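*Asks:* what's the 3D shape of this:
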Amino acid sequence: MSGSDKPESQTLRTLAGILGVSVEHFFDGALASDGTADSQECLRLWSCIRTDEGRQRALTYLRGILEDEQR
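*Replies:* Numbering: from 1, shown residues only. Here you go, the predicted structure:
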């Protein structure tokens, strides 16, 4: 199995696709200047939420922020 075939590689490619960046972007030091670090922090925090109720509360809050910003 090559390095690009490992499950971790697929996960990284998936995350890069969701964030709209290349996989290399995670390693090139540009994270702090373009907001990707904030996206990574959101994903990290999301992965720490242990319950479905907690995730639903987080989504409700985020949707509320989006609605406010669209006004």
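*Asks:* per-residue confidence at residue 55?
*Replies:* Note on residue 55: pLDDT of 94.
*Asks:* and it, what helix or strand is that in?
*Replies:* Counting by DSSP states H and E, the element that carries residue 55 is helix 52-70.
*Asks:* Check which helices and strands that helix sits against.
*Replies:* helix 36-48 (3 or more C-beta pairs under 8 Å, 6 or more residues apart in numbering; DSSP states H and E). In short, each C-beta sits where N, CA and C put it, glycine included.
*Asks:* Output the helix it packs on as CSV, nothing but the C-alphas.
*Replies:* Taking Å, rounded to 0.1, in the frame of the first residue of the first chain, the C-alpha atoms of helix 36-48 are listed here in CSV:
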residue,chain,number,x,y,z
THR,A,36,-7.9,27.8,7.2
ALA,A,37,-6.6,27.5,10.7
ASP,A,38,-10.0,28.7,12.0
SER,A,39,-11.6,26.0,9.8
GLN,A,40,-9.3,23.4,11.3
GLU,A,41,-10.1,24.6,14.8
CYS,A,42,-13.8,24.2,14.0
LEU,A,43,-13.3,20.7,12.8
ARG,A,44,-11.1,19.9,15.8
LEU,A,45,-13.8,21.2,18.2
TRP,A,46,-16.5,19.3,16.3
SER,A,47,-14.7,16.1,16.7
CYS,A,48,-14.5,16.7,20.4
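*Asks:* which residues touch the most centrally placed residue in the chain?
*Replies:* By C-alpha atoms, centre = their mean, the chain has its centre lying nearest to residue 43, at 4.0 Å. When contacts are counted by C-beta atoms under 8 Å, 6 or more residues apart in numbering, residue 43 is found next to residue 15.
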